[in-house]
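S.K.: Have a look at this fold, sequence not included:
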C-alpha cells in the first residue's frame, strides 16, 4: 500500500461491496410501528411552570389550563375505563384551584394495582408491577449516560406500554459516582436529554420506592421518578408530560408513576441500600 | 429529499413520512451495514432510526437539515446495535451476507479479508467516520455535522481508523513477502 491515494481507492472499492437495498419487510415493519407511535410534541407552556409567569398571566393560564384539563378529562372519560384497572377520575376530581396543581394523586388516591402483573428485572435488580394488558419490552443493554439519555423510551429500559403504544413507562437503574446528589444528576442529565425543557427550577415532588425516598420530576415532554440509594440511581420514566391527554385516564403521569413505584421492590441480591437518600432537588 | 414532505411529516402526516422513509431506506441500510458489517443488525438499526425519526420529527427545527439529522439518528442506532453485537459476539457466527452486492473484482481477496478483519477491530465511532467519509463521500466538516461531533474528533477518528486499516493491509503484504522468500528455489 504505497500511497494514501492507493489506500483510499482500495478502501472505497471494499466499502462499495455489500447490500444497498432495504428489504420491504423491514420498511413495512418500521412503518407499522410508526403507525402505533405518537410523535413527541413540544408543550412549551406547561401549567406547572408558573414560576416564570407574573400574576395576571398566572391567573389567565390557570383558567385556561383548568378548562383544557376539564375538557380533555371529559373527552377521555367518555371512552370507558382506563388501561390496566386505573380508576377513572370523575369530572369533579379534576383540580380547579391553581394552574400549578396536577391532576395526580392529590385528589384521586392511589392507582389500583391489585390486578397488575409482575415483571422481574435481573439486569437491574428489581421487580415491578405493570397493568396486565400492557406490553413488555425487556432492556437489551445496561442504561448508560449519556449514550442512552436521548432515547425515549430507552431500549436499555424495562419498558411497559399500552397495547396501542400511546403511553410507555420504563424502569432502569444506573450506578453514579459516590457523593452524587439529585441536583448534580439533573444538572448533567437535563441539558443532554431534555433539550426542549428548562433545566432550572424543575418541579418535583416526593415519592418512594420500597421505603426509600425519591422525587418525581416533571420535564416538558416527560415525567421521571428518581430514587437514589447509595450510588445506585433507580429511574422510572413516563414518556409523556404530566398533563398529556394520553395520561389523563391515569390521573396524570405522576400518579401513573406512583402506581408503578408502589409495586416496585429491590431484589435481595440487588444493590443494598446505603445511607439516607438525598432530599428532592 | 423534499422539504415539503419533511414539513408534512413533521406535522404528523404518516403518508409523507412513509415517502421519506422509502426514499431514505436503501441509503440508511447501506450505511448501517458498512458500519456494523452485519445485515441483521443493520436492518434493526434502520428500523429503530425510522421509528425514532417519526417520533422526534417535531423537534427538528430546520427541515433542510433532515438528512444530517437522520444520519445522526442512524449512527446512534448503530452504536446501540454494536453494543448488542458485542454481547453476543462470543456465540454468534457472522454469516455471509445475502442480497445484492456490488463486488469489485479487482480488489484482491487478501486485501478484502484484511480490511474486513481490521475494520471489525475498530470502535464503532471510528467506523462511522470512515464510512461517512469514504463511502458516503462527505467532507470532514460535513461528517462532523452529520455525526454531531467536533471536527477535531472527526479528524482524530479518521486518522486512527486509517492507521489501523493501513497497518492491517501492510502486515498482510509483509506476510506474503516473507512466505515467498521461504519457498524453496
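M.R.: Cool, got the structure. These figures come from a predicted structure and were not determined experimentally.

S.K.: Neighbours of the closest residue in space to residue A:264 that isn't next to it in sequence, how many?
M.R.: Ranked by Cβ to Cβ, 6 or more residues apart in numbering or on different chains and with sequence neighbours excluded, the top spatial neighbour of residue A:264 is residue A:128, at 4.5 Å. In short, each C-beta sits where N, CA and C put it, glycine included. Close neighbours of residue A:128, defined as other Cβ atoms under 10 Å in any protein chain shown, add up to 24.

S.K.: So what's the gap between the helix or strand where residue A:128 lies and the chain middle?
M.R.: Using DSSP states H and E, residue A:128 falls within strand A:126-130. Centroid separation between strand A:126-130 and its chain, computed with Cα atoms, centre = their mean, to the nearest Å, is 15 Å.

S.K.: picking that back up, ok, the residue nearest to residue A:264 touching residue A:262?
M.R.: No. Applying Cβ atoms under 8 Å as the test, residue A:128 and residue A:262 come out as separate, 9.9 Å apart.

S.K.: Within the sheet, what are the partner strands of the strand holding residue A:128, with directions?
M.R.: Here strand A:126-130 is paired, per DSSP bridges, with strand A:117-121 (antiparallel), strand A:265-266 (antiparallel).

S.K.: quick one: buried residues of the helix or strand that it is followed by?
M.R.: Where DSSP H and E defines the elements, the next helix or strand beyond strand A:126-130 is strand A:135-137. Using 16 or more other Cβ atoms under 10 Å in any protein chain shown as the test for burial, strand A:135-137 gives no buried residues.

S.K.: how about the residue nearest to residue A:264, what does it touch?
M.R.: By Cβ atoms under 8 Å, 6 or more residues apart in numbering or on different chains, residue A:128 lies in contact with A:118-119, A:121, A:158, A:171, A:236, A:260, A:263-265.

S.K.: measure the spatially most central residue of chain B to residue B:78 for me?
M.R.: Closest residue to the average C-alpha location of chain B: residue B:35 at 2.9 Å, with Cα atoms, centre = their mean. From residue B:35 over to residue B:78 the distance is 5 Å, taken as Cβ to Cβ, to the nearest Å.

S.K.: Need the overlap of contacts for those two.
M.R.: Taking Cβ under 8 Å, 6+ apart as the contact rule, residue B:35 and residue B:78 both touch B:42, B:124, B:128.

S.K.: ok, the helix or strand that contains the first one near chain A or not?
M.R.: Right, residue B:42. According to DSSP H and E, residue B:42 maps onto helix B:39-56. Yes. On the criterion Cβ under 8 Å from any Cβ of the partner chain, helix B:39-56 is in touch with chain A at B:39, B:42-43, B:46-48, B:50-52, B:54-56.

S.K.: Report the secondary structure state of residue A:20.
M.R.: Applying DSSP: H, G, I helix; E, B strand; the rest coil to residue A:20 yields a three-state assignment of coil.

S.K.: now it: how far from chain B?
M.R.: Distance, residue A:20 to chain B, by Cβ to the nearest Cβ, to the nearest Å: 4 Å.

S.K.: where does chain B have low pLDDT?
M.R.: B:1, B:84-108, B:172-185 (pLDDT under 70).

S.K.: mind listing the helices for it?
M.R.: If DSSP state H is used as the criterion, the helices of chain B fall at B:3-10, B:14-36, B:39-56, B:66-88, B:109-121, B:124-134, B:140-147, B:151-182.

S.K.: Distance of whatever residue of the stretch 101-250 of chain A ends up closest to chain B relative to residue B:137?
M.R.: Taking Cβ to the nearest Cβ, chain B has its nearest neighbour within the stretch 101-250 of chain A at residue A:141, 5.1 Å off. Distance from residue A:141 to residue B:137, counting by Cβ to Cβ: 32 Å.

S.K.: Could you check which of these two has the larger neighbour count?
M.R.: Neighbours per residue (other Cβ under 10 Å) separate residue A:141 from residue B:137, with residue A:141 holding more: 17 against 9.

S.K.: Just the element for the more buried one, please.
M.R.: Applying DSSP H and E, one finds residue A:141 in no helix or strand.

S.K.: Repeat that for residue A:235.
M.R.: For residue A:235, the host element (DSSP H and E) is strand A:232-238.

S.K.: and the helix holding residue B:42, what other elements does it pack with?
M.R.: For helix B:39-56, the contact count by 3 or more Cβ pairs under 8 Å, 6 or more residues apart in numbering or on different chains; DSSP states H and E identifies helix A:24-35, helix B:14-36, helix B:66-88 as packing neighbours.

S.K.: Done for today, thanks.
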